[in-house]
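*Asks:* fold the following, please.
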Amino acid sequence: MQTLPAFLARVTPPLTPALVVRRSALMRNLAAMQARCDAAGVALRAHGKMHKCSEVGRLQVAGGAVGLCCQTVGEAEAFAAAGIDDLLVTAPIAPWGAARLAALVATGVRISVVSDDDAQVDRLAEAARAADVVLNVVVDVDLGLHRAGCPPTEAVALARRIATSNALRFDGVQAYLGHLQHLADLDARRSANEAATAILAALVDSLNAEGLSPARVTGGGTGTFAYDLAAGVFTELQAGSYAFMDAEYDGCGAPDGEPWPFEPALFIAASIVSAQHKTHVTNDAGLKAVAVDGPPAKVVAGAPEGSRWFSMGDEHGGIAHPATFQQFAAAARDALTRDRTITVIDSDPAVPWPADAPKSGDLVWLQPGHCDPTVNLYDAIFVADEDGTLERWPIDARRVSG
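*Replies:* Okay, here's the model as predicted:
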């Protein structure tokens, strides 16, 4: 396989900042996860919230995924419009969303939605009756994420409420362990996942005993995929980031302790727009192009090894040169100290201008720290073949309301 910089040297996006996906890496990632799921006898329901792109979703389904997960009503509508007709909305929805999901069911799309309380169930039933459809509802169970989901002790009663409604169908249980996906301590990640999965298995046994056998047990993610597939509890895996990968997953490591079977496929192309300082150059990928809720974007090509990206505001980022990075990093905590440090280094004749620094007009390539919110900053991705040919795919589920 060619090295990453060699491949990226052949890619020239029509504008910057640009979101670029290496097609061959994407296809290898999709095939690798599908093969793992097939070998374990677990269905893959890839999570579309990561890419928000129907073209990627269609590739996942064509490769063997049973359908997609969505995080919002709008994503479900966009994917349905693109012909993806088996969708699970994995977050409890606001009251206005129930009628819109019921309307999708009326068009022939198989929609399931999670719920974690009685009021949600009743609103979904009301919307389903109004649309003269039956809506599939999955009980969302909280096993430690504490974002949504009912306590496991309340799940059987909620399932019974769904099952006794003439407008709803009890479609299973969901347990997403998002708080475990990036734990760097693999032993802690494994043991916490096993403890949560044991609670889930006991819940499934209770549902079976009540005559409420779940049609699906869905959850899991890229950071726990190996445990999830081996647990014997999940019937569906909801992994999403595996398709693109990011610096955060690179940093925390694969759950089995082996090298990741998935490779970086998503990159940001940024242009150097100013090169006036010894410490750093300025590029056009700032906070509006790079999500910063995870680790910083990783510089992967176009600058010396050890260079670091940092934010310089809404429209700009900096690429700090490794020769002066330690001084610069210590000063970067506040603007005035950083300004003084840059001025001192620039004026010091003992500090040479770095000959290997990017020049104005050069391209620098970044790997996002967190892929999901970075993708959400763009209208499209440019899919690159190995010869540098580009194809534009809209991120069509990004701007939809809801």
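
*Asks:* end-to-end on stretch 366-376?
*Replies:* With C-alpha to C-alpha, to the nearest Å as the measure, the ends of stretch 366-376 fall 16 Å from one another.

*Asks:* for the residue nearest to D228 when sequence neighbours are not counted, give its distance to A239.
*Replies:* With sequence-adjacent residues excluded and distances taken as C-beta to C-beta, 6 or more residues apart in numbering, D228 is closest to G220, at 3.3 Å. The C-beta positions use only the backbone N, C-alpha and C, and glycine is treated the same way. From G220 over to A239 the distance is 6 Å, taken as C-beta to C-beta, to the nearest Å.

*Asks:* contacts only, for the nearest residue to G251 once chain neighbours are set aside.
*Replies:* Distances taken as C-beta to C-beta, 6+ apart place P295 nearest to G251, at 6.1 Å, with adjacent residues excluded. Residues in contact with P295 (C-beta atoms under 8 Å, 6 or more residues apart in numbering) are 247-248, 251, 369-370.

*Asks:* now which of those residues would you call buried?
*Replies:* Buried members of the contacts of P295, counted by 16 or more other C-beta atoms under 10 Å: 247-248, 369-370.

*Asks:* where do the helices sit along the chain?
*Replies:* Applying DSSP state H to the chain gives helices spanning 4-8, 23-40, 54-62, 73-81, 97-106, 118-131, 155-163, 186-209, 225-230, 247-252, 325-331, 335-347, 371-375.

*Asks:* nearest to V139, out of these?
*Replies:* Within the helices of the chain, the stretch nearest V139 is helix 155-163; the backing value is 5.1 Å (C-beta to C-beta).

*Asks:* output the closest one as PDB, restricted to C-alpha atoms.
*Replies:* Provided in PDB are the C-alpha atoms of helix 155-163 (Å, rounded to 0.1, in the frame of the first residue of the first chain):
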ATOM      1  CA  ALA A 155     -37.700  -1.600  30.600                       C
ATOM      2  CA  VAL A 156     -40.100  -4.500  30.900                       C
ATOM      3  CA  ALA A 157     -43.000  -2.300  31.900                       C
ATOM      4  CA  LEU A 158     -42.200   0.100  29.000                       C
ATOM      5  CA  ALA A 159     -42.000  -2.800  26.600                       C
ATOM      6  CA  ARG A 160     -45.400  -4.000  27.800                       C
ATOM      7  CA  ARG A 161     -46.900  -0.600  27.300                       C
ATOM      8  CA  ILE A 162     -45.600  -0.500  23.700                       C
ATOM      9  CA  ALA A 163     -46.800  -4.100  23.000                       C
END
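
*Asks:* and it, what does it pack onto?
*Replies:* Using 3 or more C-beta pairs under 8 Å, 6 or more residues apart in numbering; DSSP states H and E, the elements in contact with helix 155-163 are helix 118-131, strand 135-140, strand 168-175, helix 186-209.

*Asks:* relative to the whole chain's centre, how far out is that helix?
*Replies:* 30 Å (C-alpha atoms, centre = their mean, to the nearest Å).

*Asks:* and if you look at stretch 340-356?
*Replies:* 40 Å.

*Asks:* ditto for stretch 82-93
*Replies:* On C-alpha atoms, centre = their mean, the centre of stretch 82-93 falls 16 Å from the chain's centre.

*Asks:* go through that stretch and flag the buried ones.
*Replies:* 82, 84-93.

*Asks:* how about the closest residue to C37 other than its chain neighbours, what does it touch?
*Replies:* Counting by C-beta to C-beta, 6+ apart, L44 is the residue found nearest to C37 once chain neighbours are left out, at 4.2 Å. Listed by C-beta under 8 Å, 6+ apart, the contact set of L44 reads 33-34, 37, 60, 64-66, 236-237, 239.

*Asks:* hmm, 10 Å instead?
*Replies:* Residues near L44 by C-beta atoms under 10 Å, 6 or more residues apart in numbering: 30, 33-38, 60-61, 63-68, 220, 225, 229, 236-239, 242.

*Asks:* what pairs with it across the strands?
*Replies:* Applying DSSP bridges to L44 gives these bridge partners: L237.

*Asks:* all further residue positions should be reported with the first residue as 32.
*Replies:* Okay, using 32 as the starting number, the last item reads as L75.
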